[in-house]
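Engineer: Build me a model from this:
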Amino acid sequence: MASIPKQKGSKPDPIYMTPACALRLRAELKEILYKLRPEMANTAAWAASNGDRSENADYHYAKKKLRQYDGRIRFLSKRLENATIVDPVEQQKVANGKVFFGCTVTVENEAGEEKVFSIVGADEFDLSRGYVSWVSPIGRALLGSSEGDSVTFATPGGRSELEIIKVEYKALD
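Structural biologist: Presented below is the predicted three-dimensional model:
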């Protein structure tokens, strides 16, 4: 299934995340707000007190770092504010055996190899753990399918086909 380019004025994809992801993002936001940014603000104040700011590397570094922290604070705040948090265990109650967000899917590829993927949000994908984003080509292909179904999706090397062996919903960390 090819991705369709967004039209001007079209709604952006919703922001889905698991409870574990929301917890991690909140912890990062808290650390920046209450620890890292205040420490860097103190560093900037100290550097500014050293005199000429035009050639003060400590001051310029601190100001740059504060801008980075402020940008990350804005991003995380907006992300969490607009997120829909979906608990995979609760999702099972409405899934009826279908693959939805939060699902852990065991698939078999064309070579007969089994792989396990968990469908997660864009903020938490991690291929080394088998976490794929629901907006990725493989994630979109798997959504809505059931055990026994075959799905096809585009990869850089061409089209791939997977057969769904097992669909389960469990807590993700």
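Engineer: From V99, how far out is Y131?
Structural biologist: 14 Å (C-beta to C-beta, to the nearest Å). (C-beta placed from N, C-alpha, C; glycine too.)
Engineer: Compare the two (neighbour count), which wins?
Structural biologist: V99 (26 against 19; other C-beta atoms under 10 Å).
Engineer: wait, what's in contact with the more buried one?
Structural biologist: V99 makes contacts with 105, 119, 142-146, 164, 167, as judged by C-beta atoms under 8 Å, 6 or more residues apart in numbering.
Engineer: repeat that for 10 Å
Structural biologist: Neighbouring residues of V99 by C-beta atoms under 10 Å, 6 or more residues apart in numbering: 105, 107, 117, 119, 134, 139, 141-147, 149, 151, 164, 167, 169.
Engineer: Could you pull out the buried residues of stretch 120-139?
Structural biologist: 120-125, 131-139 (16 or more other C-beta atoms under 10 Å).
Engineer: tell me the SS of the nearest residue to V105 once chain neighbours are set aside?
Structural biologist: Leaving out its chain neighbours, the residue that sits closest to V105 by C-beta to C-beta, 6 or more residues apart in numbering is F117, at 5.2 Å. For F117, the assignment made with DSSP: H, G, I helix; E, B strand; the rest coil gives strand.
Engineer: buried ones in the lengthiest helix in the chain?
Structural biologist: Longest helix in the chain, counting residues (DSSP state H): helix 57-82. The neighbour-count check on helix 57-82 (16+ other C-beta under 10 Å) flags 59, 62-63, 65-66, 69, 72-73, 76, 79-80 as buried.
Engineer: Rounded mean pLDDT for it, please.
Structural biologist: Mean per-residue pLDDT for helix 57-82: 96.
Engineer: Tell me who's in contact with the residue nearest to the spatial centre of the chain.
Structural biologist: Nearest to the mean C-alpha position of the chain, counting by C-alpha atoms, centre = their mean, stands D123 at 1.3 Å. Residues counted as contacts of D123 (C-beta under 10 Å, 6+ apart) are 15-18, 21-22, 24-25, 76, 79-80, 83, 133.
Engineer: Just send the residues you listed back as TSV, with distance to N42 too.
Structural biologist: Shown next, in TSV, are the contacts of D123 (distance: C-beta to C-beta, whole Å):
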residue	distance to N42
I15	34
Y16	38
M17	33
T18	35
C21	31
A22	30
R24	26
L25	25
L76	22
R79	27
L80	26
A83	32
S133	38
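Engineer: Relative to D173, which of these is nearest.
Structural biologist: T18 (8.8 Å; C-beta to C-beta).
Engineer: Distance check, the closest residue to the closest one other than its chain neighbours against G71.
Structural biologist: Closest residue to T18 apart from its sequence neighbours, by C-beta to C-beta, 6+ apart: L172 at 5.1 Å. Per C-beta to C-beta, L172 is found 28 Å from G71.
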